[in-house]
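Engineer: pasting the structure only:
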C-alpha cells in the first residue's frame, strides 16, 4: 500500500504562494529609522498637545524635528511644523504658526497651500487640489466637516473654518463633541469656551451654565472639590441673600 505524500497538490500551491510573498517583501527596502521615529513623535506630540500635556508635546515635537533634520530636508521639516500648526488649529488656537513661517522661503507648493489653508486664507482651485484629501471637501463646504471620519482631520477643518470666519454653531458643537469623544481635554476646553462666548452673546444663560459646568469638570481632572469650612459656607449663604 502506498503512503500518501504529506503535502497535497493544494498545499504545495499555498506554500509556493507564501514563499513568493515573503520574497516580494524581502525585495522592499526597510523604512528608514528617521521616518519611523519622526512619524511616531508627531503622533504622540499631537495627542499630548490636544490633551493639554504640553511638556510631553514640546519634547516630542523636538524629537520629530531632530529626526527629520538628519535628512537635511527643509521640506520634511516644514511638514513637521505644519503638523504642529494643524494640532494648534485643531485646539481652536488662532495664533500664527511661527515655526513654519521661518521655513516658508524653502517650502514646496503643497506645503505652502496647506499653510495658507491652516491660516484660514482663501485658496485657488489649484491650491485646494494640493491639500490633504480629507480637507478638500471641507475647504469648499463647511457642512462637510460633520461627515469627516477622522477625528483629527475634523478638528483641523473646524479650526480652519473658525479662522476663516465660516464656522457655524453646528461646527462648534461638532468640534466639541469630537474632542470630548477622544478625551482631548485641552482642545475640548477651547471649543467649549467658544460655545460659551457665543451663548453669552445671544443671551442663552442656561446653555452658558451647562457649558461652564462641563469646563469646570474638565479642569478639575477628576479631583474632588476642595472642602470648605463652616465660615466659608455661612459667608457664601449671606452673600446670596444680599441684593
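Structural biologist: Everything's here; your move. Since the structure is predicted, the reported quantities are computational estimates derived from the model, not experimental observations. Numbering: from 1, shown residues only.
Engineer: Run through the residues that contact the spatially most central residue of the chain.
Structural biologist: Closest residue to the average C-alpha location of the chain: residue 152 at 3.6 Å, with Cα atoms, centre = their mean. Residue 152 is in contact with 46, 50, 86, 87, 90, counting by Cβ atoms under 8 Å, 6 or more residues apart in numbering. For the C-beta atoms, the positions are set from N, CA and C on the backbone; glycine is no exception.
Engineer: Show the backbone phi and psi for residue 162.
Structural biologist: Taking degrees, to the nearest 10, you get phi -60, psi -50 for the backbone angles of residue 162.
Engineer: And for it, the neighbour number?
Structural biologist: Neighbour count for residue 162, taken as other Cβ atoms under 10 Å: 21.
Engineer: What's the separation between it and residue 140?
Structural biologist: Residue 162 sits 17 Å away from residue 140, going by Cβ to Cβ, to the nearest Å.
Engineer: before we move on, back to that, top of the contacts of residue 152 by number of neighbours, please.
Structural biologist: That'd be residue 90 among the contacts of residue 152, by other Cβ under 10 Å, with 30 neighbours.
Engineer: Could you check how far it is from residue 220?
Structural biologist: 23 Å.
Engineer: With residue 135 instead?
Structural biologist: From residue 135 across to residue 220, the span is 34 Å (Cβ to Cβ).
Engineer: for residue 53, same thing?
Structural biologist: Look at residue 53 and residue 220: by Cβ to Cβ, they are 17 Å apart.
Engineer: Please say which of those two ends up with more neighbours.
Structural biologist: Using other Cβ under 10 Å as the criterion, residue 53 and residue 220 rank with residue 53 on top: 17 against 10.
Engineer: Show me the shaky parts of the protein.
Structural biologist: Along the chain, the parts satisfying pLDDT under 70 run over 1-27, 222-243.
Engineer: mind redoing it with 80?
Structural biologist: 1-28, 221-243 (pLDDT under 80).
Engineer: May I have the phi/psi pair for the closest residue to residue 164 other than its chain neighbours?
Structural biologist: Counting by Cβ to Cβ, 6 or more residues apart in numbering, residue 164 lies nearest to residue 120, which is 3.7 Å off, once chain neighbours are set aside. Dihedral angles of residue 120 (phi, psi; degrees, to the nearest 10) stand at phi 80, psi 20.
Engineer: burial count for residue 203?
Structural biologist: Counted with other Cβ under 10 Å, the neighbours of residue 203 add up to 8.
Engineer: again with residue 102
Structural biologist: Look at residue 102: counted by other Cβ under 10 Å, it has 12 neighbours.
Engineer: And the helices in this protein?
Structural biologist: Using DSSP state H, the helices of the chain run over 9-27, 33-50, 54-69, 74-90, 98-101, 109-118, 125-129, 133-140, 151-164, 169-182, 185-201, 205-220, 230-241.
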